[in-house]
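Asks: Fold the following, please.
(chains A, B, C and D)
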Protein chains: 2
Amino acid sequence: MGTTQLDTVPEPKYWHLKTVLAEALDSEFAVGEILPNERDLAARFGVARATLRQALEQLELEGRLQRRRGVGTTVAPPRVGVDVSASPYDWPGVAADSWQPTECTRAVPPAAVARHLESEPAEETHVVRRVRMGHGQSVAAELLYVPAASVPDLSGIDAPSGPALARSVLRELARLELEGQDRAVELGSAGAVDAKELDRLPGAPVLVVTTRYFSGGRTAAVSVATYRADTCRLTFGAHGDLEISHDDDRRRAS
Amino acid sequence: MGTTQLDTVPEPKYWHLKTVLAEALDSEFAVGEILPNERDLAARFGVARATLRQALEQLELEGRLQRRRGVGTTVAPPRVGVDVSASPYDWPGVAADSWQPTECTRAVPPAAVARHLESEPAEETHVVRRVRMGHGQSVAAELLYVPAASVPDLSGIDAPSGPALARSVLRELARLELEGQDRAVELGSAGAVDAKELDRLPGAPVLVVTTRYFSGGRTAAVSVATYRADTCRLTFGAHGDLEISHDDDRRRAS
DNA sequence: CAGTGGTCTAGACCACCGT
DNA sequence: CGGTGGTCTAGACCACTGT
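Replies: I've put the predicted structure just below:
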């Protein structure tokens, strides 16, 4: 029979608002255009600001709006397709990918990561910080955990803490034979540091990509990369509007 | 020089709250245990309920809490690893996967999908609805768009609208030679129907997995699967806490 | 039915950005 | 500085769940 019942439930205001705004976005606004401020919008729709904000939050989550404190709310461009497929036999940092190492420290990895680095209990590892650029902005922030055992020839050198050391670690890592890798994607919220790196507020929604690199029967490194969930679409394979489509303008009505 | 400045900015209350609660969750609560209700919690922490809720929302987004209207807030089990890697040369519905077809209608696909079905402009396609089960609950809801051209032998049959027809479409589809597929993952929010299917409220965060199936140089089908972002971790490859860990029955409060 | 989370309001103040 | 979005409050009522 199915639910022929037409759900007489009254739609929440913010949900209806979101729908109305989404339609308006499609038909009456161009990418990059700024919307009226929240107080005006709320007044125009006859709702409290909090309610209006609930609708805006949803639209931002869906990547249709972009809000910046002190500036305003703008219509976001379509999500950027970011390739995350990487051939399963390439180490990170090979050749010229879009990642840019920014720092390298030593620290004991969080429990969730340590669990993947089977052999080691609670030991310090190298931690390489990298940022992924795309379309003129930083798109992802990564922490790459590399146990000292994976880069034995680095024990002597500790001085050049920073990008230089980061590159050294990546170089040494690439000398191992990579046997395979593993990926998982989940939703998270940006911590304070990632948020700053991604130019978002703390708590912003991110897609967390955890990658394990296998070598010598062990997990030789673990990467935790956080992608801006509002602006990114992770692609596996040649999917999507590959890289940069210089021209995409849809949405133009009137 | 880097920001040695210790950021004297006062942390937002809800952010601090979230941290405190997260720690309490780790140390003082078992999976499945129910928390005090929001009004009590807010009073205990000396904040307004809205503020307390902001913290809870974040924790729910991160998959650490589960809130159900009329019931209460419980400590969520660790996220379920759901394999999404599928060998690139398998059609959906082959053998016994965890998908269960529930319906099959005909409709014109949304613009975003139609764009992937290059050849066709705004034509009707078969739309197969499937639900993916896992760990005793529905974990994902899918819409599979199959242009009539991809399943030519089905033109005569229209009667058995429902699971039977759905299975027919999948069977016919599997007769084509699959040349490859494509995946993209992005954040979205559940629509009214998906929400009901996933037992969540509308607007709940979901991971949207879009898959294109290629055959005969064309896109023979497009699948849009929405996974519960709060409870799922999408895995590519053998990653993660593989399948089912048989022992997980906590949740039993007298 | 009582108790829970979900929605909504009308304010207030704060942090940030551009000028 | 004025204007923006971000945080917070103290209420109110609604929708849902269990018993």
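Asks: In chain A, where is pLDDT below threshold?
Replies: Counting by pLDDT under 70, chain A has low-confidence residues at A:1-9, A:87-89, A:95-96, A:119-121, A:154-161, A:238-254.
Asks: got the residues of it near DNA strand D?
Replies: Within chain A, the positions adjacent to DNA strand D are A:9-10, A:35, A:37-40, A:49-50, A:53, A:67-73, A:201, A:203 by C-beta under 7 Å from any atom of the strand. Using the backbone N, CA and C atoms, a C-beta is placed for each residue, glycine as well.
Asks: In helices only, show me those.
Replies: Here DSSP state H is the test, and the residues of chain A next to DNA strand D give A:E38, A:R39, A:D40, A:R49, A:A50, A:R53 as lying in helices.
Asks: among the residues you listed, which two are most distant?
Replies: A:D40 and A:A50 (15.1 Å; C-beta to C-beta).
Asks: circling back: ChimeraX command for the buried members of the ones in helices among the residues of chain A next to DNA strand D?
Replies: Of these, the buried ones go into a single ChimeraX selection, burial set by 16 or more other C-beta atoms under 10 Å in any protein chain shown:
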select /A:38,53
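Asks: of all the ones in helices among the residues of chain A next to DNA strand D, which comes closest to B:T125?
Replies: A:R53 (37.4 Å).
Asks: Look up how far chain B lies from that closest one.
Replies: A:R53 sits 12 Å away from chain B, going by C-beta to the nearest C-beta, to the nearest Å.
Asks: just the helices in chain A please.
Replies: A:13-28, A:38-45, A:49-61, A:111-114, A:163-173, A:192-197.
Asks: A:E23: how many residues sit nearby?
Replies: Neighbourhood size, A:E23 [other C-beta atoms under 10 Å in any protein chain shown]: 10.
Asks: ignore the last one, A:V20
Replies: By the criterion of other C-beta under 10 Å, A:V20 has 12 neighbours.
Asks: tell me the contacts of it?
Replies: Residues near A:V20 by C-beta atoms under 8 Å, 6 or more residues apart in numbering or on different chains: A:F45.
Asks: ok, whichever residue of the stretch 51-200 of chain A sits closest to DNA strand D to A:L41 distance?
Replies: Closest contact between the stretch 51-200 of chain A and DNA strand D, by C-beta to the nearest atom of the strand, is at A:G70 (3.2 Å). Computed as C-beta to C-beta, to the nearest Å, the A:G70 to A:L41 distance reads 17 Å.
Asks: Domain-wise, how is chain A divided?
Replies: A:13-75, A:80-235 (automatic domain parsing).
Asks: does any part of the first one sit near DNA strand C?
Replies: Yes: applying C-beta under 7 Å from any atom of the strand, one finds domain A:13-75 in contact with DNA strand C at A:13-15, A:46-51, A:54, A:68-71.
Asks: who's in contact with the closest residue to A:V94 other than its chain neighbours?
Replies: Spatial nearest neighbour of A:V94, chain neighbours left out: A:A174 (6.0 Å); criterion: C-beta to C-beta, 6 or more residues apart in numbering or on different chains. A:A174 makes contact with A:W91, A:G93, A:V94 under the criterion C-beta under 8 Å, 6+ apart.
Asks: quick revisit: got the helices of chain A as a markdown table, with distance to B:S215 columns?
Replies: As requested, the helices of chain A are exported to a markdown table (distance: least, C-beta to C-beta, whole Å):
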| stretch | distance to B:S215 |
| --- | --- |
| helix A:13-28 | 32 |
| helix A:38-45 | 47 |
| helix A:49-61 | 34 |
| helix A:111-114 | 40 |
| helix A:163-173 | 39 |
| helix A:192-197 | 40 |
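Asks: coming back round to it: okay, A:G70 and A:L41: which has more neighbours?
Replies: Per other C-beta under 10 Å, whichever of A:G70 and A:L41 has more neighbours is A:L41, with 19 against 4.
Asks: show me the contacts for the residue nearest the centre of chain A.
Replies: Chain A has A:Y227 as the residue nearest its centroid, 0.8 Å off, counting by C-alpha atoms, centre = their mean. A:Y227 sits next to A:V82, A:R132, A:V139, A:A140, A:V206, A:L207, A:V208, A:V209, A:L234 when contact means C-beta under 8 Å, 6+ apart.
Asks: how near is the last one to chain B?
Replies: As for A:L234, its distance to chain B is 5 Å (criterion: C-beta to the nearest C-beta).
Asks: Show me the beta-bridge partners of that residue.
Replies: Beta-bridge pairing of A:L234 under DSSP bridges involves A:V82, B:V185.
Asks: That one against B:E186, yeah?
Replies: Yes: using C-beta atoms under 8 Å, A:L234 is in contact with B:E186, at 6.9 Å.
Asks: Who are the contact partners of the residue of the stretch 101-250 of chain A found nearest DNA strand D?
Replies: Nearest to DNA strand D, among the residues of the stretch 101-250 of chain A, is A:L201, at 5.7 Å (C-beta to the nearest atom of the strand). Going by C-beta under 8 Å, 6+ apart, A:L201 touches A:R69, A:A190, A:A195.
Asks: how about the residues of chain A near chain B?
Replies: Neighbours of chain B within chain A, by C-beta under 8 Å from any C-beta of the partner chain: A:15, A:18, A:58, A:61-63, A:79, A:81, A:88, A:180-189, A:202-203, A:205, A:207, A:210, A:212, A:229-230, A:232-240.
Asks: Of those, grab the buried ones for PyMOL.
Replies: Only the buried entries of the residues of chain A next to chain B go into this PyMOL selection, using 16+ other C-beta under 10 Å:
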select buried, chain A and resi 15+18+58+61+62+63+79+81+181+182+183+184+185+186+187+188+189+202+203+205+207+210+212+229+230+232+233+234+235+236+237+239+240
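Asks: So which of the helices of chain A is nearest A:A220?
Replies: Of the helices of chain A, nearest to A:A220 by C-beta to C-beta is helix A:163-173, at 7.2 Å.
Asks: Which of the residues in the closest one are classified as buried?
Replies: Using 16+ other C-beta under 10 Å as the test for burial, helix A:163-173 gives A:P163, A:L165, A:A166, A:S168, A:V169, A:L170, A:E172, A:L173.
Asks: Kindly export it (C-alpha atoms) in CSV.
Replies: Output in CSV follows, covering the C-alpha atoms of helix A:163-173 (Å, rounded to 0.1, in the frame of the first residue of the first chain):
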residue,chain,number,x,y,z
PRO,A,163,59.3,22.3,5.2
ALA,A,164,62.8,21.1,4.5
LEU,A,165,62.5,18.3,7.0
ALA,A,166,59.0,17.5,5.8
ARG,A,167,60.4,17.0,2.3
SER,A,168,63.2,14.8,3.6
VAL,A,169,60.7,12.5,5.3
LEU,A,170,58.6,12.2,2.1
ARG,A,171,61.8,11.5,0.1
GLU,A,172,62.9,8.8,2.5
LEU,A,173,59.5,7.3,2.6
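Asks: List the contacts of that helix.
Replies: A:91-93, A:101-104, A:126, A:128-130, A:144, A:146, A:150-151, A:153-154, A:157-158, A:160, A:213, A:220-221.
Asks: Can you select the buried ones among these for me in PyMOL?
Replies: To isolate the buried ones among those in PyMOL, judged by 16+ other C-beta under 10 Å, type:
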select buried, chain A and resi 91+92+93+101+103+104+126+128+129+130+144+146+150+151+154+213+220+221
